[in-house]
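Student: here are the coordinates; sequence isn't available:
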């Protein structure tokens, strides 16, 4: 609120307090952020895919929808002690890790790799020529 707006508020109602003064301070981490922090404290050397965090945070949900993924991604990005990278697979899912923990970073690199687990990307195993026992290809590409 600008000083001019404060003065107008005080002239209209001399006993009124400024809106900024009546606002309560931040209430801390939300329940999704607290859950994410708890999972990283329980497994400090691990990195988590966004889908893994969603499954853990919303374990009672029948299916994880986009609103769940968005809520978990926003909450995890707002935690100052975490960092993220994108997977190389289709969809570019986010992988969250602790940048101060080398094992967590290594796990994030492993999970973000194209040939990692939970990957149904058809580019994972490119079609290579089949070789017969004579060292010649049979023409199947």
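Tutor: Looks like it arrived, so ask away. Please read these numbers as outputs of a predicted model, since none were measured by experiment.
Student: Distance of residue 31 relative to residue 93?
Tutor: Applying Cβ to Cβ, to the nearest Å, the value for residue 31 to residue 93 is 23 Å. Yep, even glycine has a C-beta here, placed from its N, CA and C like the rest.
Student: quick one, which of those two is more surrounded?
Tutor: residue 93 (19 against 9; other Cβ atoms under 10 Å).
Student: so what's the more buried one up against?
Tutor: 49-51, 86-87 (Cβ atoms under 8 Å, 6 or more residues apart in numbering).
Student: quick one: which two of the residues you listed are the most distant?
Tutor: 51 and 86 (13.3 Å; Cβ to Cβ).
Student: neighbour-wise, which of the two wins?
Tutor: Each of residue 51 and residue 86 has its neighbours counted (other Cβ under 10 Å); residue 51 has more, 16 against 11.
Student: Next, format the contacts of residue 93 as a markdown table and append distance to residue 60, secondary structure and pLDDT.
Tutor: Formatted as a markdown table, those follow (distance: Cβ to Cβ, whole Å; DSSP: H, G, I helix; E, B strand; the rest coil; pLDDT from 0 to 100):
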| residue | distance to residue 60 | secondary structure | pLDDT |
| --- | --- | --- | --- |
| 49 | 20 | strand | 93 |
| 50 | 18 | helix | 94 |
| 51 | 16 | helix | 92 |
| 86 | 28 | strand | 92 |
| 87 | 26 | coil | 88 |
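Student: Tell me which stretches of this protein form helices.
Tutor: Residue ranges of the helices in the chain, as given by DSSP state H, are 3-12, 19-22, 31-42, 50-57, 66-78, 102-112.
Student: lowest-confidence stretch among those helices?
Tutor: Among the helices of the chain, helix 19-22 has the lowest mean pLDDT, at a mean of 42.
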